[in-house]
Structures are given as structure tokens and as C-alpha cells.
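Novice: Need coordinates for the below:
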Amino acid sequence: MAGKVVENAELKCRLRESQERAESLEIDLEAEKLKAKSADKAHKVIQAALDVA
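Specialist: Below is the predicted model:
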């Protein structure tokens with residue numbers, strides 16, 4: 001019985017760790033999306049400036 005309790009606790013701990021990693025990856029993904037949008041916007045501004053010149 002005690003072995004099952006320990007195993008259950010370990011599984012819960014690993015689940016929490018996995019959830020935390022997933023949340024961290026989601027945050028990283030959103031940051032990368034924002035960077036890509038900013039880079040795309042900057043590229044369009046530069047391209048428009050070059051087209052005017």
C-alpha cells in the first residue's frame with residue numbers, strides 16, 4: 001500500500017512538472033510569434049521606405 005502511495009505522489013509530481021513545462025513552452029511560443037510579427041512589420045516599413053526612395 002505504501003508503495004502505491006509513493007508511486008502516486010511521484011506521478012502527480014511528474015504531471016505537475018509536465019504541465020509547467022507545457023505552460024513555459026506556450027509562453028515562449030507566444031513571445032516568438034510577437035517577435036515574428038514585429039520583424040514582419042519592420043520589414044514592411046523598410047520596404048515601403050525603399051519603394052519611396
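Novice: Centre of the chain to the strand or helix carrying residue 26, how far?
Specialist: For residue 26, the element it lies in under DSSP states H and E is helix 2-52. Offset of helix 2-52 from its chain centre (Cα atoms, centre = their mean, to the nearest Å): 0 Å.
Novice: What of stretch 43-53?
Specialist: 31 Å.
Novice: For that stretch, give the mean pLDDT please.
Specialist: Model confidence over stretch 43-53, given as mean pLDDT, is 92.
Novice: So for that stretch, what gets flagged as buried?
Specialist: The neighbour-count check on stretch 43-53 (16 or more other Cβ atoms under 10 Å) flags nothing as buried. To be clear about C-beta, it is placed using only N, CA and C from the backbone, and glycine gets the same treatment.
Novice: could you say what helices and strands the helix holding residue 26 packs with?
Specialist: Packed against helix 2-52, as judged by 3 or more Cβ pairs under 8 Å, 6 or more residues apart in numbering; DSSP states H and E, are no other helices or strands.
Novice: Output the below-cut-off pLDDT ranges for this structure.
Specialist: Scanning the chain for pLDDT under 70 picks out nothing.
Novice: what about 90?
Specialist: Within the chain, the stretches with pLDDT under 90 are 1-3, 52-53.
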